[in-house]
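Student: turn this into a model:
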Amino acid sequence: MAIPDENQYGRAVDEVADRQRAIQSRQDQKDAAGAAKPSKEAVQTSSIKQPVPPMPQQHLSKPGHESQMELKPRFMAESYRGSGKLQGQVAIITGADSGIGRAVAVLFAREGADVAVLYLNEHDDAEETRRCIEAEGTRCVAIAGDVKDMTFCQEAVDKVVAQFGRLDVLVNNAAFQEHADTLLDLTEERFDETMRTNIYGYFHMARACLPYLKRGAAIVNTGSVTGLKGSAHLLDYSTTKGAIHAFTMALAANLIDQGIRVNAVAPGPVWTPLNPADQSSEKIARFGADTTMKRPAQPEEISPAYVYLASSICSSYVTGVVLPITGSVGE
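Tutor: Below you'll find the model as predicted:
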């Protein structure tokens, strides 16, 4: 048996070490010349230039009216072309008077769905949403009420089915948010308002809708990046959003044999009335600046995800998923 040539091995490993030192030397030269600094400019990923911080300094009274915002959220998604993904279907969207809910309502209509807009009392915003839906060529009904109230939810759902004859999609989106600096600032009254709106509201609507939903129907819940990683000053809100993510997965497993899919979208910072109605005018100026994109999303950048999850044409094999759209890498 031939004995390996130790000199041959020695030369091979010396060559490897030489290559590694050469790589190190080239990088050392680049480091000495000065490393490229990351851009401080907000990131745009399409030909449509979205607003960037500083955002207008403004503080809205709750529940927050989109009509009162100095910089109006972009929700029309004018470059989005419908292709009948929800043709002939009926959708209920809570919190659809403004923000993400309004943007989703417009795209659902563009895809052929009749839409029921459920909202609290922002009548001016709801009327504008209704106008935009009908301009897409489909029907709309707007119903004011509180999703914390199971009776309201049941009556609203019954009214929608009586008027439109069917129900195919539920989007749970209505939410309450108010910051608190410490746990001691979070009263039981406030905690209860957040929990009952954000959790009980989703439960009430899903329960009211379920008897009308048939195989192929879909439920899409609005979660949040705060439900994925928490938020120091949104203790109760983060708690509800984490619960919504769990509710989504549990309900998806519960309804799978009925052919009903349940998914959630977890947005990061989105320019809607929810945030100027929570944060101070000084803080809202930097809203979204701490994301990788260095800017907040506009509602029209989030709404196509709801179309994807609502339409069995797009996502018939997707259920129990929480889809993050956060503007940050790794979240």
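Student: list the residues that contact the residue most central in space within the chain.
Tutor: Nearest to the mean C-alpha position of the chain, by Cα atoms, centre = their mean, lies Pro267 at 3.2 Å. Pro267 makes contact with Ile100, Thr222, Gly223, Ser224, Val225, Ala297, Ile302, Ile325, Thr326 under the criterion Cβ atoms under 8 Å, 6 or more residues apart in numbering. Where you see a C-beta, it was placed from the backbone N, CA and C, and this is true even at glycine.
Student: can you name the residues bridging to it?
Tutor: Ile325 (DSSP bridges).
Student: per-residue pLDDT, it?
Tutor: Residue-level confidence at Pro267 comes out at 97, pLDDT.
Student: distance check, it against Ala96.
Tutor: Separation of Pro267 from Ala96 (Cβ to Cβ, to the nearest Å) stands at 15 Å.
Student: quick one on the thing from earlier: distance to Ala42 for the contacts of Pro267 - can I get that in TSV?
Tutor: Formatted as TSV, the contacts of Pro267 follow (distance: Cβ to Cβ, whole Å):
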residue	distance to Ala42
Ile100	20
Thr222	24
Gly223	24
Ser224	21
Val225	18
Ala297	11
Ile302	17
Ile325	16
Thr326	15
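Student: now do the phi/psi pair for the closest residue to Pro299 other than its chain neighbours.
Tutor: Distances taken as Cβ to Cβ, 6 or more residues apart in numbering place Ala103 nearest to Pro299, at 3.6 Å, with adjacent residues excluded. Per-residue torsions, Ala103: phi -60, psi -40 (degrees, to the nearest 10).
Student: show me where the stretch 101-250 of the chain has strands.
Tutor: If DSSP state E, counting those that start in this stretch is used as the criterion, the strands of the stretch 101-250 of the chain fall at 114-119, 140-144, 169-172, 218-222.
Student: pull the CA atoms of the third one into PDB?
Tutor: The C-alpha coordinates for strand 169-172 follow below in PDB (Å, rounded to 0.1, in the frame of the first residue of the first chain):
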ATOM      1  CA  VAL A 169     -65.800  36.100   3.300                       C
ATOM      2  CA  LEU A 170     -65.400  37.600   6.700                       C
ATOM      3  CA  VAL A 171     -62.600  40.100   7.400                       C
ATOM      4  CA  ASN A 172     -62.200  40.800  11.100                       C
END
